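Enquirer: pasting the sequence and the predicted model now:
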Amino acid sequence: MGLLDQQAAADLRSILEDASAFGRRVIVATPAGVSAELVGRVNDISQTIDPETGLTVSGRTATLTLALASLREAGLPEPRVCQDPDVEPWTVELLDADPGQRNFVISGVRPDRSYGGGDGAITCFLSALV
């Protein structure tokens, strides 16, 4: 891994985990109940625009992006989505959110291993846990 690649991975992690800027404290839990407190980048968008009509459509898109190295250091595997209803899902709790807006299930994942020899990030798509 080259020096520039290492610097890019360090910068990515610094940006995602800066709790004084855009980083948010979360608890990520595996289906087995293993959990860890991490800091990641959260997006929670309540309205989107239809690109074909330009009209506002109702909807909610919530994501959490975490550094893969931080997951590994916390002893967690990379989040996965399982469609089996008998298997508990991965969950995320936003620690600094209002009580009614803080619990989610990971409903999709997109890992990006393009930085730091595979130490990139993973974006988790979240659905409200009811």
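Expert: Cool, got the structure.
Enquirer: give me the contact list for stretch 56-70.
Expert: Residues from elsewhere that reach stretch 56-70, judged by C-beta atoms under 8 Å, 6 or more residues apart in numbering: 9, 12-13, 16-17, 26, 28, 38-50, 78, 92, 104, 106, 111, 113, 116, 118-128. Heads up, the C-betas are built off the backbone N, CA and C, glycines and all.
Enquirer: give the buried subset of the residues you listed as a ChimeraX selection command.
Expert: In ChimeraX, this line selects whichever of these come out buried by 16 or more other C-beta atoms under 10 Å:
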select :9,12,13,16,17,26,28,38,39,40,41,42,44,92,104,106,116,119,120,121,122,123,124,125,126
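Enquirer: these two touch, right, Leu55 and Gln47?
Expert: No. The pair Leu55 and Gln47 fails to qualify as a contact (C-beta atoms under 8 Å) at a distance of 10.5 Å.
Enquirer: the longest strand in the protein is where?
Expert: strand 35-49 (DSSP state E).
Enquirer: tell me what it is packed against?
Expert: Other helices and strands packing on strand 35-49, by 3 or more C-beta pairs under 8 Å, 6 or more residues apart in numbering; DSSP states H and E, are helix 3-16, strand 23-29, strand 56-67, helix 68-73.
Enquirer: partners of it, with directions?
Expert: Neighbouring strands of strand 35-49 in its sheet, by DSSP bridges, are strand 23-29 (antiparallel), strand 56-67 (antiparallel).
Enquirer: now do it, average pLDDT.
Expert: Averaged across strand 35-49, the pLDDT comes to 90.
Enquirer: so what touches it?
Expert: If you take C-beta under 8 Å, 6+ apart as the criterion, strand 35-49 is touched by 15-19, 22-29, 55-67, 70-71, 74-76, 94-95, 101.
Enquirer: give me that answer again for 7 Å
Expert: 16-17, 19, 22-29, 56-66, 70, 74-76, 94 (C-beta atoms under 7 Å, 6 or more residues apart in numbering).
Enquirer: so the spatially most distant residue from the centre of the chain, which state does it fall into?
Expert: Here the chain reaches farthest from its C-alpha mean at Thr53, the gap being 29.9 Å by C-alpha atoms, centre = their mean. When classified by DSSP: H, G, I helix; E, B strand; the rest coil, Thr53 comes out as coil.
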